[in-house]
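Student: Below is the structure, and that's it, no one-letter string:
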């Protein structure tokens with residue numbers, strides 16, 4: 001297969017879910033793929049490892065485009081990147097994060113993680129709404145093939161953009177190898193001290209944004225913890241300015257400030273420990289295009305309660321379903337996992353089986369099939 005160019009412009013830490021999968025796929029393509037891969041990003045971006053003997057061609061621009069300005073990074077992607085692709089006589093570009101350079105001189109494969117900006121704009125910033133409303137539709141039109149992570153997202157994209165329906169290919173991401181149950185007492189204790197984790201807690205992992213329904217989770221936790229004086233709630237993720245005041249107000253309203261622990265951003269190497277220590281993982285998001293954290297939790301032997309849409313479609317009966325709009329429903333799902341040891345054990349085993357089906361090797365094989373299909377058009 002010819003050399004694949006990979007648009008890594010979004011890879012700036014700290015990572016959210018999109019960046020995690022974009023980086024992990026690049027690593028997996030290097031590890032399991034049969035084609036040579038070139039990662040394209042401005043100067044200062046985190047390098048992506050490749051297979052021994054296959055160097056990553058780093059595409060650099062002027063230092064002024066490496067700062068915090070999102071506009072300049074988008075400008076780099078839409079103007080500088082097409083020129084660099086032309087100079088390298090690129091035969092295929094994979095744009096793994098919603099939009100592609102519209103002037104790219106080669107066929108493109110596009111990954112669309114979700115359509116929140118169109119279906120749930122109330123959860124998105126004005127800059128995200130503007131960016132994706134302007135560039136997502138023409139990126140879909142330009143793409144030779146479009147990868148989505150779930151049937152749920154495929155149905156939404158096909159409904160909103162019927163002309164793109166024939167291009168859509170469902171390829172779920174894999175779960176990174178690090179997500180395995182941690183049993184080493186020293187590592188468990190070290191990480192517990194590092195983040196100040198309580199002895200017994202429910203866990204949420206992800207961006208602390210309005211879309212994740214954390215106010216609903218806090219109300220549900222207030223119900224559950226009244227019956228369990230030793231139980232805490234741990235929110236692991238980067239803070240979100242727009243939702244911080246809402247979280248603080250809800251925690252104060254429920255009178256559980258001493259029971260809620262916010263760790264901030266957690267390194268991926270520490271996440272398996274948090275999943276392994278948690279009594280249950282709760283993911284009551286309003287909307288997700290896929291939702292990796294429930295599968296990561298299952299892979300670490302942590303039972304899961306999650307809301308509908310893509311996460312529940314993917315997890316199936318390995319997760320306890322709850323309604324994101326009903327705190328009593330979330331609380332009831334948590335109770336089922338905490339109060340019934342036999343049911344809890346069955347859910348943990350179901351979780352292991354479900355998570356084991358999601359591997360990066362499988363994702364790479366399917367992705368390279370799409371590359372071949374797009375390149376032949």
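Tutor: Happy to help now that I have it. On a predicted model such as this, the values are computed, not experimentally measured, just so you know. Numbering: from 1, shown residues only.
Student: how about the helices of the stretch 101-250 of the chain, start to end?
Tutor: Remark: helices assigned in the stretch 101-250 of the chain by DSSP state H, counting those that start in this stretch are 116-119, 126-142, 151-160, 185-195, 214-225, 241-254.
Student: Highest mean neighbour count out of the ones you listed?
Tutor: With neighbours taken as mean count of other Cβ atoms under 10 Å, these reach their highest mean count in helix 214-225, at a mean of 23. Where you see a C-beta, it was placed from the backbone N, CA and C, and this is true even at glycine.
Student: where does the stretch 1-150 of the chain dip in pLDDT?
Tutor: 1, 42-68 (pLDDT under 70).
Student: Mind splitting this protein into its structural domains?
Tutor: What automatic domain parsing lists as the domains of the chain is 4-174+359-376, 185-355.
Student: rewinding a little: out of the helices of the stretch 101-250 of the chain, flag the one nearest residue 26.
Tutor: helix 126-142 (19.1 Å; Cβ to Cβ).
Student: which helices and strands sit right next to the closest one?
Tutor: helix 70-75, strand 108-111, helix 116-119 (3 or more Cβ pairs under 8 Å, 6 or more residues apart in numbering; DSSP states H and E).
Student: and after the first one, which helix or strand comes next?
Tutor: On the C-terminal side of helix 70-75, the nearest following helix or strand under DSSP states H and E is helix 81-87.
Student: tell me which element residue 358 is part of?
Tutor: For residue 358, there is no helix or strand it lies in under DSSP H and E.
Student: Identify the residues contacting it.
Tutor: For residue 358, the contact set (Cβ atoms under 8 Å, 6 or more residues apart in numbering) comprises 172, 173, 174, 175, 295.
Student: one step back: for residue 10, find the nearest of the helices of the stretch 101-250 of the chain.
Tutor: Residue 10 lies closest, by Cβ to Cβ, to one member of the helices of the stretch 101-250 of the chain: helix 126-142, at 11.6 Å.
Student: one step back: mind putting the helices of the stretch 101-250 of the chain into CSV with distance to residue 26?
Tutor: As requested, these are arranged in CSV below (distance: least, Cβ to Cβ, whole Å):
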stretch, distance to residue 26
helix 116-119, 23
helix 126-142, 19
helix 151-160, 21
helix 185-195, 27
helix 214-225, 30
helix 241-254, 29
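Student: can you tell me which of those helices comes nearest to residue 267?
Tutor: Across the helices of the stretch 101-250 of the chain, residue 267 has its closest neighbour in helix 185-195 (9.6 Å, Cβ to Cβ).
Student: so which of the helices and strands packed on helix 126-142 is the most packed in?
Tutor: Highest mean neighbour count of these: strand 108-111, a mean of 25 (counted as mean count of other Cβ under 10 Å).
Student: who does that one touch, helix- and strand-wise?
Tutor: Where contact means 3+ Cβ pairs under 8 Å, 6+ apart, strand 108-111 is packed against strand 93-95, helix 126-142, strand 145-148, helix 360-376.
Student: How about the last one, which residues are buried there?
Tutor: Just to be clear, that refers to helix 360-376. Along helix 360-376, these residues count as buried under the neighbour rule (16 or more other Cβ atoms under 10 Å): 360, 362, 363, 364, 367, 368, 370, 371, 374, 375.
Student: Now those residues in JSON lines, please, with extra columns for distance to residue 98.
Tutor: JSON lines is the format used below for the buried residues of helix 360-376 (distance: Cβ to Cβ, whole Å):
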{"residue": "360", "distance to residue 98": "21"}
{"residue": "362", "distance to residue 98": "23"}
{"residue": "363", "distance to residue 98": "18"}
{"residue": "364", "distance to residue 98": "21"}
{"residue": "367", "distance to residue 98": "17"}
{"residue": "368", "distance to residue 98": "21"}
{"residue": "370", "distance to residue 98": "17"}
{"residue": "371", "distance to residue 98": "19"}
{"residue": "374", "distance to residue 98": "17"}
{"residue": "375", "distance to residue 98": "21"}
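Student: Nearest to residue 28 among these?
Tutor: The closest of the buried residues of helix 360-376 to residue 28 turns out to be residue 360 (Cβ to Cβ; 3.7 Å).
Student: Can you tell me the closest non-neighbouring residue to that closest one?
Tutor: The shortest distance from residue 360 to any non-neighbouring residue, by Cβ to Cβ, 6 or more residues apart in numbering, is to residue 174 (3.2 Å).
Student: give the contact list for the one you found.
Tutor: By Cβ under 8 Å, 6+ apart, the residues touching residue 174 are 24, 28, 358, 359, 360, 361, 362, 363.
Student: One more: residue 267?
Tutor: No contacts exist for residue 267 under Cβ under 8 Å, 6+ apart.
Student: Tell me the secondary structure at it.
Tutor: Under DSSP: H, G, I helix; E, B strand; the rest coil, residue 267 falls in the coil class.
Student: any idea how far it is from residue 13?
Tutor: Per Cβ to Cβ, to the nearest Å, residue 267 is found 10 Å from residue 13.
Student: quick one on the thing from earlier: any idea which of the contacts of residue 358 is closest to residue 202?
Tutor: Nearest member of these to residue 202, counting by Cβ to Cβ, is residue 295, at 17.7 Å.
Student: The closest residue to the closest one other than its chain neighbours - how many residues pack around it?
Tutor: Once flanking residues are discounted, residue 295 sits nearest to residue 355: 4.9 Å by Cβ to Cβ, 6+ apart. Look at residue 355: counted by other Cβ atoms under 10 Å, it has 24 neighbours.
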